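Q: sequence and predicted structure below; questions after.
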Amino acid sequence: MKFRCWLSLVWILPLPVLAEGNVSWSTVLKQEKDWYGTGAARDIAANVMLYQTTSGGWPKNSDMTVPPSEEFLSGAASDHRAPTIDNGATTTQLWLLARVLTATNDATLKPAVRRGIDYLLESQYLNGGWPQFYPLRKGYYTHITYNDNAMVNVLNLLRSVALGQEPFSFVDETRRVAAKTAIARGIECILRTQVKQDGKLTVWCAQHDEVTFAPAWARNFEPPSLSGSESVGIVKFLMGVPDPSPKVVAAIEGAVQWFEAVQIQGIQVDDTPGADGKRDRHSLPDASNHVLWARFYELGTNRPIFVGRDKVIHYDFNEIERERRTGYSYLSDWPASMLARDYPRWRAKHKLP
């Protein structure tokens, strides 16, 4: 099977000169532990603090291995300065700063980390969910956002804060307690938004209405549906609950049963260029036993659906436009390792029958 996951980034800064060791922003959290004590790591941390907004959060899609531009600092690039949890923003910066602080004991980083944690705590809805942007922006951005693991990224970070785990062991007790409360509310939101079909628990939409909790539209190609991607991160987060309640256990079991029921076999995703030599992607028949899942499943029917920028729902991946076929991940094996490895370990750990 020829499959690659493509991630589109919008760079708002000039082409950077990467920090020492050619560490890019996309790999800044993938370095060996010792790297976070280096001068290169400290330089990037200094840049990161310059990008922090007055609210305490960070914008997305900026290469923070280089200092912000004058345009950014002046506020002229206002559309690209909005703090968010989308595309790993704010959580990535906090993990980096905390790791550098732990490695160097540089106390000058603490205020930025504290403000960032406060931003995450403040931006949570009373119902336990998180919007994509805070302060709130009009549109689908106000929805409870599981999309691209945004809310799960926040919950995983706050879990480390609440437990006083490295690299957040320096965080004060008041913020630890607040993080613990936020996590409890977040879990309640997750349980409340899990979709039921015919009385059975299934999974989640990539975004849910913040008032009604119903699955909701985001971008034109992200319809109200059941997510075969984002739901994996939610289940794995729930598996990390140390003493799961019967409701949490039921949520995990329901989701796993749904994942097993909606497996797709008989197709492969092929990245062979088109007749014009340009990049393309199609689904083709596959005689192997390889299993895929769709990014979106139709509510009520569980049929895989594919939507382009025209907002029209198709049941055949090949019917949507080339730009979306190649620019978004509609089919992959997201739940595979969770089902094969994490789920059996979780059941054994909690001695479930």
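A: Received, thanks.
Q: which residues does Q265 bridge with?
A: Beta-bridge partners of Q265, counted by DSSP bridges, are V291.
Q: which pLDDT value belongs to it?
A: pLDDT, Q265: 96.
Q: with the one 5 residues further on instead?
A: Taken from the predicted model, the pLDDT recorded for D270 is 96.
Q: okay, buried residues for the helix or strand of the chain with the lowest mean pLDDT please.
A: None of the helices or strands of the chain scores lower by mean pLDDT, DSSP states H and E than helix 70-74, at a mean of 85. For helix 70-74, burial by neighbour count (16 or more other C-beta atoms under 10 Å) applies to F72. To be clear about C-beta, it is placed using only N, CA and C from the backbone, and glycine gets the same treatment.
Q: can you give me the strands for the stretch 51-200 of the chain?
A: 144-145, 196-197, 200-201 (DSSP state E, counting those that start in this stretch).
Q: the stretch 251-353 of the chain too?
A: Secondary structure of the stretch 251-353 of the chain (DSSP E, counting those that start in this stretch): strands at 264-265, 267-270, 282-285, 291-294, 296-297, 306-307, 313-314, 331-332.
Q: one step back: of all the strands of the stretch 51-200 of the chain, which one is nearest A89?
A: Closest of these to A89 is strand 144-145, at 11.7 Å (criterion: C-beta to C-beta).
Q: could you say what helices and strands that closest one packs with?
A: Contacts defined by 3 or more C-beta pairs under 8 Å, 6 or more residues apart in numbering; DSSP states H and E place strand 144-145 against strand 207-208.
Q: so what are the sheet partners of the helix or strand following the strand it packs on and their directions?
A: Where DSSP states H and E defines the elements, the next helix or strand beyond strand 207-208 is strand 226-227. With DSSP bridges as the test, strand 226-227 is paired with strand 296-297 (antiparallel).
Q: ok, and what's touching the partner strand?
A: 222-223, 225-228, 262, 303-307, 330 (C-beta atoms under 8 Å, 6 or more residues apart in numbering).
Q: highest neighbour count among those residues?
A: Neighbour counts for the contacts of strand 296-297 (other C-beta atoms under 10 Å) peak at L226, which has 28 neighbours.
Q: contacting residues for it?
A: 195, 202-205, 215, 258, 262, 296-299, 302.
Q: a markdown table for the residues you listed, including pLDDT and distance to G57?
A: Shown next, in a markdown table, are the contacts of L226 (pLDDT from 0 to 100; distance: C-beta to C-beta, whole Å):
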| residue | pLDDT | distance to G57 |
| --- | --- | --- |
| V195 | 98 | 29 |
| T202 | 98 | 32 |
| V203 | 98 | 28 |
| W204 | 98 | 24 |
| C205 | 98 | 24 |
| P215 | 98 | 26 |
| W258 | 98 | 33 |
| V262 | 98 | 35 |
| F296 | 98 | 28 |
| Y297 | 98 | 32 |
| E298 | 98 | 34 |
| L299 | 98 | 32 |
| N302 | 98 | 36 |
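Q: from these, which is closest to G186?
A: Closest to G186, out of all of those and judged by C-beta to C-beta, is W204, at 12.8 Å.
Q: could you list the buried residues of the lengthiest helix in the chain?
A: Counting by DSSP state H, the longest helix found in the chain is helix 173-193. Using 16+ other C-beta under 10 Å as the test for burial, helix 173-193 gives R175, R176, A178, A179, A182, I183, G186, I187, C189, I190, L191, T193.
Q: and the contacts of it?
A: By C-beta under 8 Å, 6+ apart, helix 173-193 touches 114, 117-118, 120-121, 124-130, 144, 151, 154-155, 158-159, 161-164, 171, 204-205, 208, 213, 234, 237-238, 241, 247-248, 251.
Q: sorry, back to before: which members of the contacts of strand 296-297 are the farthest-apart pair?
A: Most distant of the contacts of strand 296-297, by C-beta to C-beta, are E222 and V262, 18.2 Å apart.
Q: where does the chain have low pLDDT?
A: For the chain, the stretches with pLDDT under 70 are 1-21, 76-79.
Q: center of it - which residue?
A: N149 (2.0 Å; C-alpha atoms, centre = their mean).
Q: so who does the nearest residue in space to that residue that is not next to it in sequence touch?
A: Of all residues not flanking N149 in the chain, G233 sits nearest, at 4.3 Å (C-beta to C-beta, 6 or more residues apart in numbering). By C-beta under 8 Å, 6+ apart, the contact list for G233 reads Y146, N149, V152.
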